[in-house]
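Peer 1: Could you work out the structure for the sequence below:
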Amino acid sequence: MKSDLAKWYEEVGVGFLKKIGIKNGYTVLDFGCGRGHYTIPASKLVGKIGMVFALDKNESALSELKKVIAEEDIKNVKLRNDIKDAYIEDHLIDVVLCYDVLHYMKLSDRKIVYNDIWRVIRKNALFSVYPKHSKENFPSGELANVSVGEIVAEIENSGFVLGQKIKSKLLHDNSLEEGYVLNFKKEG
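Peer 2: So this is what the prediction gives:
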């Protein structure tokens, strides 16, 4: 019997990322990538001509991801540990994944992140957020008293427009669960 993580890497993750809008040839930023649960399927989906930037401040998580990339002989992933020092060009990214990471940041830090994401993504690009640990979904960290509606408002105040709310199977702590992803667009 396959583990949820194996199912995710082999089929469910690629299907999910396709559903949210990632396509072959895209450039993706997995912000707060951790051990690469979304990076690995994204690298498969964007193909040889696409690129995935996997960004996380946790050096041990990036080390684990680096091992998986080497074992799987993945050539289209670049590891980074800070968006400001990541050497990501302005308007380069087609999709930013920001999954299960906002609860680690204070509001002032989230606003800085939204502005940095605004800088690196193209016009009409997708900013996809999994607001895990908000008031309604296992409250924790900096989002424990923040509703999903408040998260939407703070992201929209940074210039993004909510386009879709997608219910899907998601990977959280190596287990599959149902959850909602918020897809924002950079317009104008």
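
Peer 1: only C-alpha atoms for contact and neighbour calcs from this point on.
Peer 2: Fine.

Peer 1: Quick check: mean pLDDT of the helix or strand hosting D109?
Peer 2: Element membership of D109 [criterion: DSSP states H and E] is helix 107-120. Averaged across helix 107-120, pLDDT comes to 95.

Peer 1: Phi first, then psi, for the residue lying closest to L17 once chain neighbours are set aside.
Peer 2: Sequence neighbours aside, A42 is the residue nearest to L17 in space, at 6.8 Å (criterion: Cα to Cα, 6 or more residues apart in numbering). Torsion angles at A42 (phi, psi; degrees, to the nearest 10) stand at phi -60, psi -40.

Peer 1: re earlier: and the helix holding D109, what does it pack onto?
Peer 2: helix 148-156 (3 or more Cα pairs under 8 Å, 6 or more residues apart in numbering; DSSP states H and E).

Peer 1: Tabulate the CA atom coordinates of the helix it packs on in CSV.
Peer 2: Extracted C-alpha coordinates of helix 148-156, given in CSV (Å, rounded to 0.1, in the frame of the first residue of the first chain):
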residue,chain,number,x,y,z
VAL,A,148,-9.8,33.5,5.6
GLY,A,149,-11.8,36.6,4.7
GLU,A,150,-9.1,38.7,6.4
ILE,A,151,-6.4,36.9,4.6
VAL,A,152,-8.1,37.6,1.3
ALA,A,153,-8.5,41.3,2.2
GLU,A,154,-4.8,41.7,3.1
ILE,A,155,-3.7,40.0,-0.1
GLU,A,156,-6.1,42.1,-2.2
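
Peer 1: What mean pLDDT does that helix get?
Peer 2: 98.

Peer 1: buried residues in it?
Peer 2: By 16 or more other Cα atoms under 10 Å, the buried positions in helix 148-156 come out as V148, I151, V152, E154, I155, E156.

Peer 1: List the contacts of stretch 164-181.
Peer 2: For stretch 164-181, contacts defined as Cα atoms under 8 Å, 6 or more residues apart in numbering pick out 4-5, 8, 12-13, 16, 20, 37, 100, 128-131, 182-184.

Peer 1: a helix runs through L171, doesn't it?
Peer 2: No - counting by DSSP: H, G, I helix; E, B strand; the rest coil, L171 falls outside a helix, being strand.

Peer 1: returning to what we had before: quick one: which of the contacts of stretch 164-181 sit in helices?
Peer 2: D4, L5, G13, F16, I20 (DSSP state H).

Peer 1: okay, who's weakest in these by pLDDT?
Peer 2: Lowest pLDDT within the ones in helices among the contacts of stretch 164-181 is found at L5 (88).

Peer 1: How about the contacts made by it?
Peer 2: L171, N174, S175, L176.

Peer 1: cutoff 10 Å now
Peer 2: Counting by Cα atoms under 10 Å, 6 or more residues apart in numbering, L5 touches V12, G13, H37, L171, H172, D173, N174, S175, L176.
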